[in-house]
Structures are given as C-alpha cells and as structure tokens.
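Peer 1: Provided below are the primary sequence and the corresponding predicted coordinates.
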Amino acid sequence: METQNFKDAKKLLEKLEHPKVRKLLEEFVADFPHLRESVSQIIKVFEQLASSFKRGDVLFICGNGGSFSDAMHIKGELAKSFEKRRPLRDKELIKKLSTLPYGEELIENLELGFPVVVLGESHSLRSAYENDRNPIYAYAQELNSFLCRIKGGIFWGISTSGNAKNVVAAMSLAKAYGIPSISFTGPDGGRLARMADLPLKVPGKDTANIQENQIIVYHLLCRMLEAYFFNDT
C-alpha cells in the first residue's frame, strides 16, 4: 500500500526534467523499496545542492565518528569523478596550462569537481581550537572562518541521532548566516531535523543500520549530481 508521502514523492519524480536523474531515482525505488519513503526528501536535497553548486557555493559538511567518515566519503565522490568522466572544460584555462610546466599532464589528468569542505578535517586547526576553547564549538569555528568572509555556501550536518551537540552548534551558525541547511539523520531526526531547512531522514533500527542506509542515499545523491552536471560525458 502506498503512503501519502510516497504518492507525493512520485509526483515530484514525474516533474523532474532531467531524464538520467529521474532514471536513477526510479532504479533506486525499485532496488531499495525500504527507502522509498525518503524519496521526496532526497529530491528536495538534490535540487538544493544542484542550485547551490550552480551558484558556485561551497558545501560544508560535518559529523562525528562514522558520520565523519561518511562526510569524507561524500567529499571523495564529489570533489573528483565518481562514475563519469569530468575532463576540464574551460578553454582559457586549458590554453594557459598548455604553456606552463606540467601543463599538458595537468590538462590530461585534472578532473572537474564540486567545492566541499569537511569540517574537522584540519587537525591542526581543530586541536588548536579545542585546546583553547570549548571543543563542542570547533566545527562552528571552522565554519565561521569561511562564512565571515565568503557570505555563502550550504551546510550539511550528519548525525544518526540528530542530536550531536557540535553538529547542532554548527547548524545554528549556518542558520544565523542565512545559508541553506540539510540534516541527514535516522528516523527520529532529533534537533537537527527540527532546525534544518531540508531534513533528510532514513530508517534504521540502530546506528549501524541507519549508517548503512545513509550510504545508499548519499551515493544516490552523488550519482544524481554527476548525471545532472556531467550529462555529456
């Protein structure tokens, strides 16, 4: 029996103009029926990420433990090619590189990516701040070092419970600066989901099960973004 949430998701799916993105979602629903209740949220998160990357915004992402590993995994799929080729396209850049040392090799080897910062990845910054201040606010401090200057971006907080204090604090700062916020949690959602502009919840009976489902979902989002921006490769 189809729930109202899934009926709404099907309507959103039908409105997607990009055929390859729509096909990826249709395959996802067929392959992972236990995650189909998340489809409408997935579509909204995809649309926001695509819109932000079109503007040139930076994605700031964070989590703890396994969620920190997931944040780094997401960066790995977005900042270089995932499943499609992403050759350089800027003719002026290619022309300039061709006259410089290692230029031809750079043209051959470099790939297009999306700008992603994993908060907490800089161990020197994180350890210095945690030694001087309250460690709970280390992610917020690193995020502030960007947003006090660039005034733009998008925030993605990962927490299976939705209540990780340092992630909630970073989201508070993101909302104060007025940038879009995404929460990525288990079924309850916690404080993150209640705060986020775009809550994305997945089912799961425990932390490990939630994280297993999150991997499936963020791989889908990475595939959707790659299909959308690199449709010609």
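Peer 2: Happy to help now that I have it. Numbering: from 1, shown residues only.

Peer 1: spit out the contact partners of the residue sitting nearest the centre point of the chain.
Peer 2: Nearest to the geometric centre of the chain sits residue 156, at 5.9 Å (CA atoms, centre = their mean). Neighbouring residues of residue 156 by CB atoms under 8 Å, 6 or more residues apart in numbering: 59, 60, 61, 62, 71, 74, 181, 182, 184. Where C-beta positions appear, they are placed from N, C-alpha and C, glycine not excepted.

Peer 1: so it, which of the three states?
Peer 2: Three-state assignment for residue 156 (DSSP: H, G, I helix; E, B strand; the rest coil): strand.

Peer 1: longest helix of this protein?
Peer 2: Longest helix in the chain by number of residues (criterion: DSSP state H): helix 207-229.

Peer 1: just checking, what packs against that helix?
Peer 2: For helix 207-229, the packing partners by 3 or more CB pairs under 8 Å, 6 or more residues apart in numbering; DSSP states H and E come out as helix 19-31, helix 39-55, helix 66-78, strand 181-185.

Peer 1: tell me the mean pLDDT over it?
Peer 2: Averaging pLDDT along helix 207-229 yields 98.

Peer 1: that one to strand 154-158, inter-axis angle?
Peer 2: Helix 207-229 runs at 150 degrees relative to strand 154-158, counting by axes from the mean of the first three to the mean of the last three CA atoms, to 10 degrees.

Peer 1: so what touches helix 207-229?
Peer 2: For helix 207-229, using CB under 8 Å, 6+ apart, the contacting residues are 18, 20-21, 24-25, 28, 32, 34-35, 38, 42, 45-46, 49-50, 53, 66-67, 70, 73-74, 77-78, 81-84, 86, 114, 158, 160, 184-187, 200, 202-204.

Peer 1: domain boundaries for the protein, per the record?
Peer 2: 12-79+117-229, 84-113 (automatic domain parsing).
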